[in-house]
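Trainee: below are the sequence and a predicted model; questions follow.
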Amino acid sequence: MSKLDKKSVMQLNIDRLIAYFNGVNALAEALQHYYPEDAVSAAAIYKWRKRGSLPLNQLQKIILMAEKQGKPIDINVFMRHNHTTPEKIKMTSTNNRVIIFDTTLRDGEQSPGAAMTKEEKIRIARQLEKLGVDVIEAGFAAASEGDFDAIHSIAEVIQHATVCSLCRANERDVRKAGEAIAPASKKRIHTFIATSPLHMEHKLRMKPQEVKEAAVKAVKIAREYTDDVEFSCEDALRSDLNFLAEVCQAVIEAGATTINIPDTVGYAIPFQTEVFFRELIQKTPNSDKVIWSAHCHNDLGLAVSNSLAAVIGGARQVECTINGLGERAGNASLEEVVMALKTRHDVFNLETGIDTTQIVPTSKMVSTITGYPIQPNKAIVGANAFAHESGIHQDGVLKCRETYEIMSAESVGWSNNRLTLGKLSGRNAFRTKLQELGIELGSEEALNSAFARFKELADKKREIFDEDLHALVSDELVSRAPDRYKYVSLCIHSETGEEPTAEIVFNTDGEEKRASSHGSGPIDAVFKAIESKVNSSADLQLYSVNAITAGPESQGEVTVRLSREGYIVNGQGADTDILVASAKAYLSALNKLEESPRIKAQGVI
C-alpha cells in the first residue's frame, strides 16, 4: 500500500495489528517509549479494538515505531480480506509446497492405551506412504528396544517417504536414533529441547546458555548420521522470542535443515501464531536456509487453526496425526489440515503431496489398530461428515452437490462400492486384496491361517468389505503373537429374569484354563470369569463396541481399556458375535498389561 487514507484504515484488522506488538499493554508501553510527549493509553487502544478502527495519525506513528524497532510491517498483511472476491493470503515464504510430517506412530501412540505392536506400526507406515506423507516419524528410538526395533524395521521397508526418529538433545538418544533409521533410503533425526523459561527452570533446571549449547551439540552429532536434521524448540510459543531466535540461529549454523516451532500445550491463538512465526523468521539470521515447521496440540481445540495460521506466517511443514490422535486432547488432524489447504486453494495457493482418496482408508486403519473410534461428526472422516438429515439440505444436494458440500465424499476416499470379496473368492484373490490394502503377513503360514479365518467369516457374513479384512488381519496377528493369554471358546447362558452365566476356555502360557462366572449382564459375566483365573487387579476404564460395516451381519469391534498402577492399555477384538469379540478384547488388553511401560521423551512435542 503506497498511500494511507481513511478508507484503508477502516479495512485494517485491528486485533491482528495489536497482536503483532504482543498485546494492548505492550503496544501502549512501546508508544509511551517512542512518543512520550504524545502517549496513547491502554484504554485508548482498547477503544480502537472495540470500534474496529484507529486514527490515521496513530497508524502512521505505529508504522514509524515498527521501523525504529527493526521490525517494519507490511500493512497489507493486516488488511481484512474482501469476502466478495477472495484474495490470496500474503505468505512469508515463496515456497508453495507444504511438507506433511506424520507423527501418528510417535505422538499418536502417546494417547492412553494406543500402544502398537511392531507389525501394526509397519502396516500403518506402509499406508502412510501410500497416502503420500513426506515424513513418517516412526517413534522414539531411546524409549525401549521394542521402539528401536519398530523404527529399524520401518526404515527397511519404506521406500519413498523419509523415516524419522525423535530424540532428546543428549548424545545417547541422538546416536540411538541414528542407528535406528540407518537402513532408510531417506532418513531424518528429530532432536529437541525446551526453550520456554518455565520448562528451562522447572523441568530441565538448565540456564539458557546451557540449553543452547545442548541443542547445538545434539544437531552436530545428528549430522554424523544424516544431512536431514530437524530441531524442535519445545514449548516454543511460550518462549522468549529473542532467545528463540538466538537458539534457532545457532542450530541452523550447526547444520539443522528444519526448525520446528511447537505449541506443546495447545496454548496458542491462531492470529498470534501467524504473527509469532512471521516475527521469528524475520528475527532469525539465515532463516531462508531451513524449512520452518509447526506442531500444534489441540488442548483448546485450535490445533488445525494454529497450523494453518503458522503456514500463513511462513511455515512450510505441518506436523500432524491421523484422526488428530495424540497426548491429552491430541494433535492437528492430518485430514483436516490437508483438506483445508486443498478446498481453500483460492486462499492459500499451496500444494501437498497427499493422495486424498487414501484419507478415509488410512483413518479407519488407525482407528482399528489403536482402538480409538472415530466420532461420527468428525470432519472429513466421521460417518456423518457427508450425511444430510435436513430435508432442505437433502433437496439442495440432490439438485446440486455444491449447495451444501464443499468437497465430495469420493475425493477423500468414501465409496459406496467397497465390497471386496465373498464366500467363493479364492486364495490368490485374497492375497491380492491384502496387498492392495497395504497388508503383508510375512509368511505363507500366516497367509494360510488368515485365509482360513476369512473363509470362516464368509460363512457367517455374505459380504466382506475392506474394513472386515483389516479387522480380520488385526485379529490374526494378535492370535499369532507370542502372548500369554489366548482365546479358545465361549458359552453364554442369558435369559430374561435370570442372572447370566459365562463359561470360557482360554490358554495361559499354553495351558488350557476353564472358568465360569455369573454377572449383572453377559459381558460382565465374561470378564468376571476371566478374572477368576487371571486375578490381574486391573481396573476397567472403557468398554466400547462398534459395527465395522453397515448391516445386521456386520462384525462387532470391541475396545477394552484397562489400567493398573497408572499403566493404561487398550485391547481390541472383532467377531460377528460381540460377546466373543469382548472376550478377545479383554484378553488382548491383559496381554498388553504384561508388557513393560516404555519411557517417554522429556516432554511432548
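Mentor: Done, it's in. Residues are numbered from 1 along each chain as shown.
Trainee: every contact and neighbour count from this point should use C-alpha atoms.
Mentor: Noted.
Trainee: for stretch 498-515, measure first residue to last.
Mentor: Terminal residues of stretch 498-515 are spaced 19 Å apart (Cα to Cα, to the nearest Å).
Trainee: distance from stretch 428-448 to the middle of the chain?
Mentor: How far stretch 428-448 lies from its chain's middle: 28 Å, per Cα atoms, centre = their mean, to the nearest Å.
Trainee: pull the helix or strand with minimum mean pLDDT from the chain.
Mentor: helix 391-399 (a mean of 47; mean pLDDT, DSSP states H and E).
Trainee: what's next to stretch 526-538, contact-wise?
Mentor: Stretch 526-538 has contacts (Cα atoms under 8 Å, 6 or more residues apart in numbering) with 501-504, 513, 515-519, 562-564, 579, 583, 586, 590.
Trainee: now, those residues that are in strands?
Mentor: Under the assignment DSSP state E, the contacts of stretch 526-538 contribute 501, 502, 503, 504, 513, 515, 516, 517, 518, 562, 563, 564 to strands.
Trainee: out of those residues, which are buried?
Mentor: Among the ones in strands among the contacts of stretch 526-538, those that count as buried by neighbour count (16 or more other Cα atoms under 10 Å) are 501, 502, 503, 504, 513, 515, 516, 517, 518, 562, 563.
Trainee: what's the closest non-adjacent residue to the second one?
Mentor: In space, and not counting its chain neighbours, residue 502 is closest to residue 492: 4.6 Å by Cα to Cα, 6 or more residues apart in numbering.
Trainee: which stretches in the stretch 251-400 of the chain count as helices?
Mentor: For the stretch 251-400 of the chain, the helices defined by DSSP state H, counting those that start in this stretch occupy 270-283, 303-312, 334-343, 345-348, 359-370, 391-399.
Trainee: burial count for residue 65?
Mentor: 19 (other Cα atoms under 10 Å).
Trainee: look at it and report its pLDDT.
Mentor: For residue 65, the pLDDT comes out at 86.
Trainee: swap in residue 405?
Mentor: Residue 405 is given a pLDDT of 58.
Trainee: same check, this time on residue 426
Mentor: Here, the pLDDT recorded for residue 426 equals 82.
Trainee: same check on the one 3 residues further on?
Mentor: Residue 429 carries a pLDDT score of 82 in this model.
Trainee: and it, helix, strand or coil?
Mentor: helix (DSSP: H, G, I helix; E, B strand; the rest coil).
Trainee: ok, it to residue 454 distance?
Mentor: Counting by Cα to Cα, the gap from residue 429 to residue 454 is 12 Å.
Trainee: between these two, which has more neighbouring residues?
Mentor: Counted by other Cα under 10 Å, residue 429 and residue 454 do not tie: residue 454 has more neighbours, with 24 against 12.
Trainee: right, and that one touches residue 472 too?
Mentor: Yes - Residue 454 is within contact range of residue 472, at 7.3 Å (criterion: Cα atoms under 8 Å).
Trainee: all strands of the stretch 501-605 of the chain, in order?
Mentor: Here the stretch 501-605 of the chain has its strands, by DSSP state E, counting those that start in this stretch, at 501-508, 511-518, 539-547, 556-564, 567-575.
Trainee: got these as JSON lines, with mean pLDDT columns?
Mentor: JSON lines is the format used below for those (pLDDT from 0 to 100):
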{"stretch": "strand 501-508", "mean pLDDT": "95"}
{"stretch": "strand 511-518", "mean pLDDT": "94"}
{"stretch": "strand 539-547", "mean pLDDT": "90"}
{"stretch": "strand 556-564", "mean pLDDT": "90"}
{"stretch": "strand 567-575", "mean pLDDT": "87"}
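Trainee: ok, residue 361 touching residue 413?
Mentor: Yes - between residue 361 and residue 413 there is a contact at 6.7 Å, judged by Cα under 8 Å.
Trainee: residue ranges with poor pLDDT in the stretch 1-150 of the chain?
Mentor: Low-confidence segments of the stretch 1-150 of the chain, defined by pLDDT under 70: 1-11, 80-94.
Trainee: would you list every one of the helices in it?
Mentor: Using DSSP H, counting those that start in this stretch, helices in the stretch 1-150 of the chain cover 6-10, 14-20, 24-34, 42-51, 56-68, 118-131, 145-157.
Trainee: burial of residue 194, as a residue count?
Mentor: By other Cα under 10 Å, the residues close to residue 194 number 28.
Trainee: and it, what does it touch?
Mentor: By Cα under 8 Å, 6+ apart, residue 194 lies in contact with 200, 204, 211, 233, 234, 235, 236.
Trainee: who does the residue most central in space within the chain bridge with?
Mentor: For the chain, the residue nearest the mean C-alpha position is residue 321 (1.8 Å; Cα atoms, centre = their mean). For residue 321, the beta-bridge partners under DSSP bridges are residue 333.
Trainee: so it versus residue 102, what's the distance?
Mentor: If you measure residue 321 against residue 102 using Cα to Cα, the figure is 5 Å.
Trainee: ok, residue 280 next?
Mentor: Residue 280 is 24 Å from residue 102, by Cα to Cα.
Trainee: of these two, give the one with the bigger neighbour count.
Mentor: residue 102 (25 against 20).
Trainee: surely residue 378 is in contact with residue 360?
Mentor: No - between residue 378 and residue 360 there is no contact under Cα under 8 Å: 11.7 Å.
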